[in-house]
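In: for reference, the sequence and a predicted model appear below.
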Amino acid sequence: MNKKIIGIFVCTLLIATALTATGAIKLQTNSYVKENNYFEPNKNTATNSPDFITIKIVTKVDEVHDPYNLLGGAINVNDTVTGKYTYDSETPDTYPDDLGVGVYWQNSSSCGIEVKAGGFVFKTNASDIDFAIGIFDNAPYYYDSYVVVSNKNLPLSNGMLVELIYWWLCDETCTVLSSDTLPTTAPKLSI
């Protein structure tokens with residue numbers, strides 16, 4: 001049996017959202033995130049460090065674009081989506097000389113994202129980390145943006161492969177961020 005590859009794109013823009021990708025979910029802009037001041041370790045690690053930050057996500061689906069029915073109708077408009085992502089706040093910027101662009105590649109098995117929707121769990125593969133957070137302060141084409149991306153993920157319970165998990169917060173007014181430094185608090189979802 002051939003397994004199809006899908007991606008989940010979680011896109012919450014502060015001003016406007018435009019998303020047209022196969023297997024994509026558009027979330028409402030009234031979603032919220034909550035910072036935890038404690039670390040929730042993955043099952044495969046005993047790491048417990050104050051440098052690790054976990055941010056919780058709760059939102060509702062605003063639009064589903066799944067023309068090939070890869071999700072089998074399991075995710076629908078107004079469904080609740082929950083999740084969390086964990087990162088090491090001490091991770092160095094991959095582009096320290098590029099003012100306005102901060103990319104923080106995570107290399108710990110404790111880092112990654114997990115999103116639950118429609119009975120599915122979209123989750124970073126902790127044994128093969130390819131996970132980053134991007135912070136763009138008044139950057140061309142990115143404006144003020146907070147991006148979470150996971151390129152290597154676990155398959156879904158139905159065997160479907162998840163190629164990409166992507167969450168993008170964007171403020172086109174460029175007033176939310178004041179630097180490209182990796183924050184130690186939850187991102188702002190309103191101006």
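Out: Nice, thanks for sending it over. Bear in mind the structure is a predicted one, so any value in this text is a computation, not a measurement.

In: for Asp66, grab the count of nearby residues.
Out: 17 (other Cβ atoms under 10 Å). Any C-beta I mention is one placed from the backbone N, CA and C, and that applies to glycine too.

In: gap between the closest residue to Lys152 other than its chain neighbours and Gly72?
Out: Sequence neighbours aside, Asp130 is the residue nearest to Lys152 in space, at 4.2 Å (criterion: Cβ to Cβ, 6 or more residues apart in numbering). Distance, Asp130 to Gly72, using Cβ to Cβ, to the nearest Å: 27 Å.

In: ditto for Ser179
Out: 43 Å.

In: identify the bridge partners of Lys84.
Out: Lys56, Glu114 (DSSP bridges).

In: what's the answer for Val162, then?
Out: Ile6.

In: how about Ser145?
Out: Residues in beta-bridge contact with Ser145 (DSSP bridges): Phe136, Cys170.

In: my guess is it meets Phe136, correct?
Out: Yes: using Cβ atoms under 8 Å, Ser145 is in contact with Phe136, at 4.2 Å.

In: can you pull out the low-pLDDT segments for the chain?
Out: Within the chain, the segments meeting pLDDT under 70 span 1-50, 189-191.

In: can you map out the strands along it?
Out: 5-13, 24-27, 32-36, 52-65, 80-88, 101-106, 112-117, 120-123, 131-139, 143-150, 161-171 (DSSP state E).

In: mind giving me the packing neighbours of the fifth one?
Out: Yep, that's strand 80-88 we're talking about. Counting contacts by 3 or more Cβ pairs under 8 Å, 6 or more residues apart in numbering; DSSP states H and E, strand 80-88 is packed against strand 52-65, strand 101-106, strand 112-117.

In: that strand vs strand 161-171, what angle?
Out: 90 degrees (axes from the mean of the first three to the mean of the last three Cα atoms, to 10 degrees).

In: show me how far strand 80-88 is from its chain's centre.
Out: 7 Å (Cα atoms, centre = their mean, to the nearest Å).

In: list the buried residues of it.
Out: Val81, Gly83, Lys84, Tyr85, Thr86, Tyr87, Asp88 (16 or more other Cβ atoms under 10 Å).

In: got the buried residues for stretch 162-173?
Out: Buried residues in stretch 162-173 (16+ other Cβ under 10 Å): Val162, Leu164, Ile165, Tyr166, Trp167, Trp168, Leu169, Cys170, Asp171.

In: CA atoms of stretch 179-190 as CSV?
Out: Extracted C-alpha coordinates of stretch 179-190, given in CSV (Å, rounded to 0.1, in the frame of the first residue of the first chain):
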residue,chain,number,x,y,z
SER,A,179,14.1,42.3,17.5
ASP,A,180,14.9,38.9,16.0
THR,A,181,15.9,37.5,19.4
LEU,A,182,14.3,34.2,20.3
PRO,A,183,11.6,35.1,22.9
THR,A,184,11.2,33.3,26.2
THR,A,185,7.5,34.1,26.4
ALA,A,186,4.5,33.2,24.3
PRO,A,187,4.0,35.1,21.1
LYS,A,188,1.5,37.9,21.0
LEU,A,189,-1.6,37.2,18.9
SER,A,190,-3.0,40.7,18.9
